[in-house]
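K.L.:
What follows is a predicted structure for the sequence shown.
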Amino acid sequence: MNNLNTWWSHESVSASITDDTTFIAAQGEQAVGTLTLGRFEDEPVIWKIYVVPEAHGQGIGTALMNVALATVGPAQDVRIEFVKGNDTAYTFYERRGFKFDFEEDMDEGFTTVWLRRPALI
């Protein structure tokens, strides 16, 4: 849980909003999802995509992903990472054209899986 406290700290979220592009999905005045698009090793990367559990299955994650991919455009690869063992995320990303790139063991005791969606043109 320590990594979640770091990722979602006030400082981390503020830096992400300032340095990256953050998309918010809303239903009325309620935020129900978010996606953060940034750069890593000079490539576009989707850092976070989350949808509140009550809104799962409503196409919100797909809509956020579509906006992010349209923002990047078809001429660039896009990377995404998630914690190993999150099979739901893996399936979601694979359906959108992402393929396994590599795994990275983190100091916090978990493994990060990196995927890449190759450029389409």
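P.N.:
Noted; the coordinates are in hand.

K.L.:
Spell out the secondary structure type for residue 58.
P.N.:
coil (DSSP: H, G, I helix; E, B strand; the rest coil).

K.L.:
give me the number of residues near it?
P.N.:
As a burial measure, residue 58 scores 14 neighbours (other CB atoms under 10 Å). For glycine as for every other residue, the C-beta is placed from the backbone atoms N, C-alpha and C.

K.L.:
Could you check how far it is from residue 67?
P.N.:
Separation of residue 58 from residue 67 (CB to CB, to the nearest Å) stands at 15 Å.

K.L.:
ditto for residue 102
P.N.:
Counting by CB to CB - residue 102 and residue 67 are separated by 26 Å.

K.L.:
Next SSE downstream of the helix or strand containing residue 18?
P.N.:
Assigned by DSSP states H and E, residue 18 belongs to helix 10-19. Counting by DSSP H and E, the next helix or strand C-terminal to helix 10-19 is strand 21-27.

K.L.:
Pull out the buried positions in that next one.
P.N.:
Buried residues in strand 21-27, counting neighbours by 16 or more other CB atoms under 10 Å, are found at 21-23, 25.

K.L.:
Which one of those is nearest to residue 31?
P.N.:
residue 25 (7.2 Å; CB to CB).

K.L.:
What distance do you get for that closest one to residue 71?
P.N.:
14 Å.

K.L.:
and if you look at residue 93?
P.N.:
Counting by CB to CB - residue 93 and residue 71 are separated by 17 Å.

K.L.:
more neighbours, the two?
P.N.:
Neighbours per residue, other CB under 10 Å: of residue 93 and residue 71, the larger number sits with residue 93, 23 against 13.
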